[in-house]
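>>> build me a model from this:
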Amino acid sequence: MDFEHSERSQRYQDLLTTFMAEHVAPAERAIELRRRTEGVDPTEAPPEMAELKRIARSQGLWNLFRPDEEYGAGLSNIEYAPLAEIMGRII
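I've put the predicted structure just below:
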């Protein structure tokens, strides 16, 4: 059985991969360094999170899991699955 991602899912995969590389990965390194050197509580949201949320929203990458287009991206489970995989790569 052939499986190909929909054009919409592939577009989100491309956007999300770029977002993760350009914004999330650098923020993750900074957050981890601060936690190691400053003893920051790992259960508290880091200050970088607010900016990451703002950027994600501005790029249409917020609430991708919501199947209702009014509140999220309106993706099916099959369209969302590869996006969850991309987001899950962050440690």
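>>> got a pLDDT number for the residue positioned nearest the centre of the chain?
Geometric centre of the chain, nearest residue: M87, 4.9 Å, by CA atoms, centre = their mean. Looking at M87, its pLDDT reads 92.
>>> confidence score at I91?
Per-residue pLDDT puts I91 at 57.
>>> quick one: the residue nearest to the centre of the chain from W62, how far?
12 Å (CB to CB, to the nearest Å). Every residue, glycine included, has its C-beta placed from N, CA and C.
>>> can you list residues touching both of the two?
Shared contacts of M87 and W62, defined by CB atoms under 8 Å, 6 or more residues apart in numbering, are absent.
>>> residue ranges with poor pLDDT in the protein?
Low-confidence segments of the chain (pLDDT under 70): 1-2, 91.
>>> close enough to count as contact, the residue nearest to the centre of the chain and L16?
Yes: counting by CB atoms under 8 Å, M87 does reach L16; the two are 7.0 Å apart.
>>> look at F3 and say how many residues are nearby.
By the criterion of other CB atoms under 10 Å, F3 has 5 neighbours.
>>> do the same with the one 4 residues further on
Residue neighbour count, defined by other CB under 10 Å, stands at 9 for E7.
>>> which residues are in contact with it?
Applying CB under 8 Å, 6+ apart, we find E7 in contact with no residue.
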